[in-house]
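> Generate coordinates for the sequence data below:
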Amino acid sequence: MKIVGVHHIAINTRDFQKSICFYRDILKMEFIKEVDLGEDYVAYMKCSDQLLLELFKMNDRLKEQELDDCYVGLKHVAFTVDHLDQWNTYLKEQNVKFALEMTEVKPIQQRVLLIEAPDNVIVELCEAY
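The predicted structure is shown next:
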């Protein structure tokens with residue numbers, strides 16, 4: 001018995017359409033569909049062949065929390081990319097706010113950058129070297 005992969009990442013959104021646009025238009029994820037779940041509404045985005053992103057519209061049940069890198073719990077969501085240099089240039093051209101400029105993390109042999117996505121989500125893009 002073992003875990004064989006990550007199926008999806010779920011994010012509660014403050015502005016459903018803004019979030020869909022960010023992940024589809026800025027991060028170039030494929031929009032799959034929207035689904036009415038009754039109390040919630042969900043948009044499915046394809047991150048890769050094995051990973052989906054679920055964006056939730058929760059209407060009046062949504063609660064705010066402060067963005068702070070030191071809180072216990074989920075720290076950020078990381079995606080492996082190709083051509084991190086090109087992503088870096090592209091994101092700057094799109095005026096995306098960086099939480100961390102592109103840098104090398106030598107102990108893990110990765111180059112990374114972190115950006116601020118909607119809804120207090122930090123997204124890391126990483127590339128091995």
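> Report all helices and strands that the longest helix belonging to the chain contacts.
Across the chain, the longest stretch assigned as helix under DSSP state H is helix 84-93. Applying 3 or more CB pairs under 8 Å, 6 or more residues apart in numbering; DSSP states H and E, we find helix 84-93 packed against strand 98-105, strand 110-117, strand 121-128. For every residue, glycine as well, the C-beta is placed using N, CA and C.
> which one of these lies closest to residue 81?
Nearest of these to residue 81, taken as CB to CB: strand 121-128 at 4.8 Å.
> and the angle from that closest one to strand 110-117?
160 degrees (axes from the mean of the first three to the mean of the last three CA atoms, to 10 degrees).
> Low-confidence stretches in this structure?
Counting by pLDDT under 70, the chain has low-confidence residues at 3, 60-74.
> domains of it?
Per automatic domain parsing, the structural domains of the chain span 1-60, 74-129.
> Mean neighbour count added to those domains, as CSV?
Compiled in CSV, these are given as follows (neighbours: other CB atoms under 10 Å):
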stretch, mean neighbour count
domain 1-60, 14
domain 74-129, 14
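> Let me see the contact set for residue 7.
Residue 7 sits next to 50, 51, 52 when contact means CB atoms under 8 Å, 6 or more residues apart in numbering.
> please redo it, this time with the cut-off set to 7 Å
Taking CB atoms under 7 Å, 6 or more residues apart in numbering, we find residue 7 in contact with residue 52.
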